[in-house]
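Colleague: sequence first, predicted coordinates after that:
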Amino acid sequence: MAVGKRRAAARALIALLLGGAGALAFAQNYPTRPVRIVVAFPAGGGNDIIARFFSARLTPRLGQQIVIDNRGGASGIIGTEIVARAAPDGYTLLFTSLTHSMNEAVTKLRSRRYRCSAAAPTCSW
């Protein structure tokens, strides 16, 4: 992947958090298959609309399809756990909001299999 494409992809991935730290390093041939973006909120909401907006612009730049997977419920915990369990290869990304970091502070769910500190942000503001 050319350096210009890598920079454009990084700018377009605003508010996305990676499902694994290993996904930060883009290989030259990334992506070689479709990229899945898990939106931790129901379809039709603000997060879904923004994720679809960016995915429509990322698809031609990356040369691969971006698949939006809405997994709403439990204040974003369901979608976040799906990404936390995914392979840390950069093909499963999390699109969430401030609730991602707040969940850890206000809930004491023992069943959660992720920690906010384990996720690496791709880009945020």
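Modeller: Right, received. Where do you want to start?
Colleague: helix, strand, or coil at residue 93?
Modeller: Here residue 93 is recorded as strand under DSSP: H, G, I helix; E, B strand; the rest coil.
Colleague: not counting its neighbours along the chain, what's nearest residue 42?
Modeller: Closest residue to residue 42 apart from its sequence neighbours, by Cβ to Cβ, 6 or more residues apart in numbering: residue 72 at 3.5 Å. In this view, the C-beta of every residue, glycine as well, is placed from N, C-alpha and C.
Colleague: and residue 51, how far is that from residue 92?
Modeller: Applying Cβ to Cβ, to the nearest Å, the value for residue 51 to residue 92 is 13 Å.
Colleague: which of these two has more neighbours?
Modeller: Neighbours per residue (other Cβ atoms under 10 Å) separate residue 51 from residue 92, with residue 51 holding more: 25 against 22.
Colleague: contacting residues for that one?
Modeller: By Cβ atoms under 8 Å, 6 or more residues apart in numbering, the residues touching residue 51 are 37, 39, 68, 95.
Colleague: now for the residues you listed, which sits with the most neighbours around it?
Modeller: When neighbours are taken as other Cβ under 10 Å, the top entry among those is residue 95 (29 neighbours).
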